[in-house]
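In: Sequence and computational prediction follow.
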Amino acid sequence: MGSGELVAIEDRIFTERRLRFYGKGVIFAYVVSLAWVILHGRSVIDATGAPSCIDFCTIWVSGKFAASGDPARAYDYSEFSAAQAALVGPPQANLPPYHFFYPPTFLFFTYPLAWTSYFAAYVVWVAATSALYFFAIRAILPGSTAILMAATPLVVPENIVLGQNGFLTAALIGFSLVYIERRPSVSGIFLGLLTYKPHFGVLFPLALVASRNWRAMASAVAVTMILGVAATVAFGYVTWPSVIASLLERNSELSTDYGLELTLQSVFGFFHWEGAGAGLSFGIHLAFAIMTTLLICLVWARAIPYALKAAILSIGALTATPYVQIYDLSILSVAVAFLVKDGLANGFLAGERMIILLCFAGLYFLLLPVGPIIYLAVLVLIIRRVLIHCKLDYSLGFGSALRARVANPKYPH
């Protein structure tokens, strides 16, 4: 089968009408499953109607401390553990002890939740963060079909059931990339807010320097400093050394509990799960991270279509850090949205849409550390398009290639 025939087959499969049909089917299955989970006391409330121990407990309890007279107590293990145990009981044997290790800037997000009940706060949190996530995807790819597709990855119900912050992280990355070119100062605001999870933003400054986008860089630095000072004033300066200490207490496997091994969705997590020691796993992860960093700097320094720049930087956010949880893979939707945006503008390559579909199907195996396999496959698709773009520019000259693309916006198959 030639590449042209494969593209023709994919054109028949991946029509907007069929994508909407598939998306609605998956969403219906999620709604039924989520209703069953909640009604059987396996999410925000248990079978008796009492608060259930999910990840959102940590978020809500931190908000309570943020609204208290002494917010720094959130970083006191005994204080935080006692407060959460009073809400949902002592931690189960297979779960880590209660703790809070987010930067104090995260308390700005959780503070409003303290003024409502646990269940109401959960509803508000999930509704607000999921809305931000879908608005970010909509800003990248206009149209309801994009929102339907963004609702289909398994990480969507995972974030809802756990009440986690994966939607928030993906939304901040998505909005920052949407605005970098046309409103760099606004982009910097979102990057500054992303510092609540700084390990996902470490490559953004390098990309901004490579592209000489000083306005976005200045805005991000300014917002980060303002948030840091504001958090110090609002929650106390002792919160900063406390959170640093809590991070340093992690073991070599990045777990907070020496008796619990995390299933991390990173290159480090994959090789450690395969039996490699922590040192070797970190070494392999570092090599992948360095290669991805160099690629991002090269791409952002060249006249590459912006959608591809945004896509590769989104993947870089995942490859750079060894600490990636299942819910963090919401960032994949941002990367794929930008990749599809370039495909719609310049034509899809043979097998590209099928591989994207397989990647999303692979998310159903997230009890295993398959995350890096999936987002590295997406990275390969992005690099493939970048290389074709560079080849066109090299053979035609940038101006000629651009005019040819405008006249007939299709990459060679």
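Out: Perfect, I can see it now. Numbering: from 1, shown residues only.

In: Listing request: residues of the protein with sub-threshold pLDDT.
Out: Flagging of the chain using pLDDT under 70 yields the residue ranges 1-2, 91-98, 248-262, 392-413.

In: I'd like to know how far the residue lying closest to Cys297 once chain neighbours are set aside sits from Thr319.
Out: Leaving aside its chain neighbours, Cys297 sits nearest to Ala210 (4.5 Å; criterion: Cβ to Cβ, 6 or more residues apart in numbering). From N, CA and C alone the C-beta is placed, and that goes for glycine too. To Thr319, Ala210 is 17 Å away according to Cβ to Cβ, to the nearest Å.

In: These two: which has the busier surroundings?
Out: Thr319 (25 against 16; other Cβ atoms under 10 Å).

In: dump the residue contacts of that one.
Out: Thr319 is in contact with 266-267, 288-289, 292, 372, 375-376, 379, counting by Cβ atoms under 8 Å, 6 or more residues apart in numbering.

In: Most neighbours among these, please name it.
Out: Val267 (29 neighbours).

In: related to what we said a few turns ago, the residue nearest to Cys297 contacts Leu294, doesn't it?
Out: No: Ala210 is beyond contact range of Leu294, at 10.3 Å (criterion: Cβ atoms under 8 Å).

In: residue contacts, the residue nearest the centre of the chain?
Out: Centroid-nearest residue in the chain, with Cα atoms, centre = their mean: Ile331, separated by 2.9 Å. Taking Cβ under 8 Å, 6+ apart, we find Ile331 in contact with 166, 169-170, 173, 200, 314, 317-318.

In: Any chance of the backbone angles for Tyr323?
Out: Phi and psi for Tyr323, reported as degrees, to the nearest 10, are phi -100, psi 90.

In: ah, wrong one, I meant Ile45
Out: Dihedral pair for Ile45: phi -130, psi 150, per degrees, to the nearest 10.

In: Can you give me the neighbour number for it?
Out: Ile45 has 17 nearby residues by other Cβ under 10 Å.

In: Trp240 now?
Out: Using other Cβ under 10 Å, Trp240 is surrounded by 17 other residues.

In: and the residue nearest to the centre of the chain, how far is that from Leu206?
Out: The gap separating Ile331 from Leu206 is 17 Å, by Cβ to Cβ.

In: and the closest residue to the residue nearest to the centre of the chain other than its chain neighbours, how far is that from Cys53?
Out: In this structure, Ile331 finds its nearest non-sequential neighbour in Ala170, 4.9 Å apart by Cβ to Cβ, 6+ apart. Counting by Cβ to Cβ, the gap from Ala170 to Cys53 is 25 Å.

In: of those two, who's got more company?
Out: Ala170 (31 against 18).

In: Are we agreed that the more buried one is in a strand?
Out: No: assignment of Ala170 by DSSP: H, G, I helix; E, B strand; the rest coil gives helix, placing it outside any strand.

In: I'd assumed Phe134 was in contact with it.
Out: No: using Cβ under 8 Å, Ala170 makes no contact with Phe134, being 10.0 Å away.

In: Helices along the stretch 51-200 of the chain, start to end?
Out: For the stretch 51-200 of the chain, applying DSSP state H, counting those that start in this stretch gives helices covering 56-66, 77-88, 107-110, 118-140, 144-150, 155-162, 166-179, 184-193.
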